[in-house]
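Q: generate a structure from the sequence data that follows.
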Amino acid sequence: MAMGIGCNAAGVTGCRIIDSPRERLIAILTNSLVPCNGRFPTLIMLITLFFMGFGGGAAGSIATALILTGFIVAGILATLGASWLLSRTLLKGVPSSFTLELPPYRRPQVGKVIVRSICDRTLFVLARAVAVAAPAGLVIWLMANVPVGGGSLLTACASVLDPAGRLMGLDGIILMAFILGFPANEIVVPIILMAYLQTGVLVEMEDQAALFNLLAAHGWTVKTALSMAIFCLFHWPCSTTCLTIKKETGSLKWTAVAVAIPTVLGAALCVINNWVWSVLL
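A: Numbers count the residues shown, from 1 in each chain. Next comes the predicted model:
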């Protein structure tokens with residue numbers, strides 16, 4: 001779980017330390033409920049713009065950190081809850097004890113550790129990321145630049161998804177951005193800005209006031225920001241994590257379950273959030 005906060009793919013790989021196949025599978029299936037580094041920039045942006053304003057000084061920074069911590073705690077609680085539910089439904093069994101045997105102490109070989117870490121960990125994960133990122137980048141460019149009607153293929157697809165997005169307190173553009181952001185969570189917001197500004201290329205905005213005004217002009221409210229924060233926290237794993245889950249489990253079925261668990265939870269919470277806001281306001 002702790003490794004998943006850095007990278008869900010690394011967290012899935014780290015589950016190898018668990019001896020019990022059943023408990024290892026539970027840990028793999030629920031690891032994506034913990035927010036990874038790729039989701040933190042989006043969560044921080046939403047907190048800063050819509051929950052705290054873009055000022056506040058030191059007090060504002062502390063409050064932002066506390067709210068972000070609350071989202072992390074929510075992810076941890078969801079992980080524990082989903083693990084508990086899986087252990088009593090799909091993956092019933094007798095809990096096992098955890099014993100970690102310490103290997104005999106040996107003098108560290110720094111060079112060997114660095115080489116093996118690069119070959120076995122870094123290059124391994126990067127190769128999987130590139131295998132999906134390259135074709136995904138082409139798809140994103142085509143979606144944004146192929147004209148359809150009075151707009152692009154991206155906006156046309158977003159209009160189809162708009163009813164589902166509105167039900168979740170979002171819009172079609174946001175939902176489409178999450179789908180196209182499958183290779184990496186970091187590109188979700190740039191895709192949204194690309195669609196709103198119709199630039200045809202991924203966009204980043206450093207001016208917080210300009211970013212807030214753009215989002216507000218497209219109907220964003222605190223409700224929209226909260227729904228997006230929820231869906232950012234709970235949605236399908238990124239491509240690298242999915243490939244890692246497939247390799248670790250050797251099963252498309254369990255990979256699909258790992259995708260479905262956070263997605264169903266996130267969509268349901270967004271619908272509930274939208275309904276609550278509609279009732280209260």
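Q: what residues are up against the nearest residue to residue 147 once chain neighbours are set aside?
A: Leaving aside its sequence neighbours, residue 147 sits nearest to residue 153 (C-beta to C-beta, 6 or more residues apart in numbering; 7.7 Å). For glycine as for every other residue, the C-beta is placed from the backbone atoms N, C-alpha and C. By C-beta atoms under 8 Å, 6 or more residues apart in numbering, residue 153 lies in contact with 142-144, 146-147.
Q: tell me the mean pLDDT for the host helix or strand of residue 247?
A: Assessed by DSSP states H and E, residue 247 sits inside helix 239-249. For helix 239-249, mean pLDDT is 90.
Q: buried residues, that helix. List them.
A: Buried positions in helix 239-249, judged by neighbour count with 16 or more other C-beta atoms under 10 Å: 239-246, 248-249.
Q: of those residues, just say which sits nearest to residue 33.
A: If you rank the buried residues of helix 239-249 by distance to residue 33 using C-beta to C-beta, residue 241 comes first, at 11.6 Å.
Q: now residue 189: how far from residue 42?
A: Distance, residue 189 to residue 42, using C-beta to C-beta, to the nearest Å: 6 Å.
Q: ok, now residue 64?
A: Distance, residue 64 to residue 42, using C-beta to C-beta: 13 Å.
Q: ok, residue 111 next?
A: Per C-beta to C-beta, residue 111 is found 38 Å from residue 42.
Q: these two: which has the busier surroundings?
A: residue 42 (21 against 8; other C-beta atoms under 10 Å).
Q: was I right to think residue 41 contacts residue 186?
A: Yes: at 6.4 Å, residue 41 counts as touching residue 186 under the criterion of C-beta atoms under 8 Å.
Q: which regions of the stretch 101-250 of the chain lie under the pLDDT threshold?
A: 101, 116-126, 128-129, 131-133 (pLDDT under 70).
Q: list the buried residues of stretch 189-209.
A: Neighbour-count burial for stretch 189-209 flags 189-196, 203, 205 (criterion: 16+ other C-beta under 10 Å).
Q: neighbours around residue 253, how many?
A: Using other C-beta under 10 Å, residue 253 has 8 other residues around it.
Q: packing partners of the helix or strand it falls within?
A: Counting by DSSP H and E, the element that carries residue 253 is helix 252-280. With contacts taken as 3 or more C-beta pairs under 8 Å, 6 or more residues apart in numbering; DSSP states H and E, helix 252-280 sits against helix 21-30, helix 57-87, helix 222-233, helix 239-249.
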